[in-house]
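**Q** No letters, just coordinates:
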């Protein structure tokens, strides 16, 4: 812990904790502060002006990061027959129907994302208490309930990131690795921010995007000026 504390202190020396940095500068500072011995994940946190307890203020969606997430995703697909074959051919890690439901109920969850064909949802629905808290429940709004399982698997493997607002109105997501170039990270963050803006719910009042910050796994957080997130 002492070593981590010293590393964080060193990384924080060049960061003004009260300043809102332009995106490009914030990314540069995060990369400089990522001093761990592994390739740290770069994560964005957004405070939104919504109360997700109200259904008309829920924010969720999916975005394909232009430069990928840098994280290998294990994908499970609930499908039968021809669709199961398509999922396997597309590179899904786990494919099945009733037997896969039983595996998950038995605690075997060796995957990160779940995709299902619409006809499988009555089966998958039994797993709500298991998959729901992990944010893995398939949903047509984010393209994970679909007949086009091959495309969904390709998207999941290629760097698509699902997002969902939490109780306090916060959205968090990994948008790359510290080894990515500054340009690649900035491009991913802009794409993510654009997707969150497009997902603005009808019930949102006042300022929607309140605060944005970016940090690496073990590095300090850096506040971003929201005005610099626009791709324009």
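**A** Right, received. Where do you want to start? All values derive from a computational prediction rather than experimental measurement. Numbering: from 1, shown residues only.
**Q** Strands along the chain, start to end?
**A** Using DSSP state E, the strands of the chain run over 41-48, 60-64, 75-78, 94-96, 113-116, 160-164, 170-177, 209-216, 222-224.
**Q** could you say what helices and strands the fifth one packs with?
**A** Pointing back at strand 113-116 there. Packing partners of strand 113-116 (3 or more CB pairs under 8 Å, 6 or more residues apart in numbering; DSSP states H and E): strand 75-78, helix 149-158. (Glycine included, C-beta is placed from N, CA and C.)
**Q** How much space separates residue 145 from residue 68?
**A** The spacing between residue 145 and residue 68, counted by CB to CB, to the nearest Å, is 23 Å.
**Q** same question, residue 76
**A** Counting by CB to CB, the gap from residue 76 to residue 68 is 20 Å.
**Q** Between those two, point out the one with more neighbours.
**A** Higher neighbour count among residue 76 and residue 68: residue 76, with 26 against 18, using other CB atoms under 10 Å.
**Q** On the strand side of things, show who residue 211 bridges to.
**A** residue 47 (DSSP bridges).
**Q** Correct me if wrong: it contacts residue 221.
**A** No - in this structure residue 211 lies outside contact range of residue 221 using CB atoms under 8 Å: 10.5 Å.
**Q** neighbour count winner among the two?
**A** Under the neighbour definition other CB under 10 Å, residue 211 and residue 221 were set side by side, and residue 221 has more, 18 against 15.
**Q** give the contact list for that one.
**A** Residues counted as contacts of residue 221 (CB atoms under 8 Å, 6 or more residues apart in numbering) are 45, 213, 214, 215.
**Q** switch to 6 Å and redo it
**A** With contact taken as CB atoms under 6 Å, 6 or more residues apart in numbering, residue 221 is in contact with 213, 215.
**Q** Ramachandran coordinates for it?
**A** When read as degrees, to the nearest 10, the backbone of residue 221 gives phi -80, psi 150.
**Q** Distance-wise, check it relative to residue 112.
**A** Separation of residue 221 from residue 112 (CB to CB) stands at 24 Å.
**Q** and what of residue 52?
**A** From residue 52 over to residue 112 the distance is 23 Å, taken as CB to CB.
**Q** between these two, which one's more packed in?
**A** For residue 52 versus residue 112, neighbours defined as other CB under 10 Å are more numerous around residue 52 (20 against 16).
**Q** For the more buried one, which non-adjacent residue is closest in space?
**A** Among residues not flanking residue 52 along the chain, residue 165 sits closest, at 4.8 Å (CB to CB, 6 or more residues apart in numbering).
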